[in-house]
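In: starting from these lines, generate the structure:
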Amino acid sequence: MIYWIVIFFFKVSGWLFFRHRVFFECDPKSISGAAIIAPNHASYLDPPLVSASWPRSLHFFAGKRLFNKWWLKWLLPRLNSHPVEEGKELATMRLALDLLAEGKKIVVFPEGTRSHDGRLGPMRSGVAFLSYRSEAPIVPCYISGTYEAWPRTQKKVQWRGRRTKCVFGKPIYPVDEQGHKRSKQTLTLLIEQELKRLRDIYRA
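Out: Numbering: from 1, shown residues only. Sure, this is the predicted structure:
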């Protein structure tokens with residue numbers, strides 16, 4: 001219940017402050033079971049806006065240091081956030097695979113970190129590895145406007161005159177149309193291509 005109350009708050013805040021809009025190339029209801037939502041990452045606003053845009057519950061990963069504060073230690077697990085430690089990528093991957101095995105939908109940023117200039121950065125192989133091992137589909141998501149609203153170089157959110165959007169693309173499956181399993185390199189390339197395509201659609 002707490003999760004959906006907070007999500008409702010994100011929805012209302014996103015519309016009031018950023019006129020947030022959501023577009024789907026896929027039907028979210030058709031993606032049952034485990035899936036990996038793979039957005040670009042430009043701002044701290046990305047996780048709440050993605051969770052407010054997707055109609056079902058999502059699971060996130062957050063730095064363990066955030067759980068040091070008592071109120072975040074209580075709240076974050078109720079928002080499906082899981083603590084991870086920097087430098088312990090193997091443990092993070094195991095946790096992600098366990099969640100996918102339980103049929104959860106997780107959010108993993110393919111770039112691995114926030115953009116320094118708002119542009120798409122190089123794709124890391126983590127999302128492709130998770131899809132390859134779990135056979136869960138990848139849903140690319142291009143987020144626009146969050147860098148302008150809250151870039152990593154600023155401490156405060158720019159509330160006025162900013163507009164944000166989330167565009168969810170069609171799922172990328174680890175198995176191609178001929179039934180052959182795609183390599184991790186191919187999956188990483190497809191993620192990058194789809195994010196760029198969704199970006200160009202938004203600009204058009």
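
In: give me the neighbour count for the nearest residue to residue 55 once chain neighbours are set aside.
Out: Excluding the flanking residues, the one nearest residue 55 by CB to CB, 6 or more residues apart in numbering is residue 28, at 5.2 Å. Quick note: C-beta positions are derived from backbone N, CA and C, even for glycine. Neighbour count of residue 28, defined by other CB atoms under 10 Å: 16.

In: what pLDDT does the model give residue 28?
Out: Predicted confidence (pLDDT) for residue 28: 94.

In: and it, what does it touch?
Out: By CB atoms under 8 Å, 6 or more residues apart in numbering, the contact set of residue 28 is 54-56, 168.

In: again, 10 Å this time
Out: 35, 37, 53-56, 105, 139, 168 (CB atoms under 10 Å, 6 or more residues apart in numbering).

In: reformat those residues as a markdown table; add pLDDT and distance to residue 3.
Out: Formatted as a markdown table, those follow (pLDDT from 0 to 100; distance: CB to CB, whole Å):
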| residue | pLDDT | distance to residue 3 |
| --- | --- | --- |
| 35 | 98 | 18 |
| 37 | 98 | 16 |
| 53 | 97 | 15 |
| 54 | 97 | 12 |
| 55 | 95 | 13 |
| 56 | 94 | 11 |
| 105 | 98 | 13 |
| 139 | 98 | 19 |
| 168 | 97 | 20 |
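
In: okay, and which of those map to helices?
Out: In helices, defined here by DSSP state H, the members of the contacts of residue 28 are residue 53.
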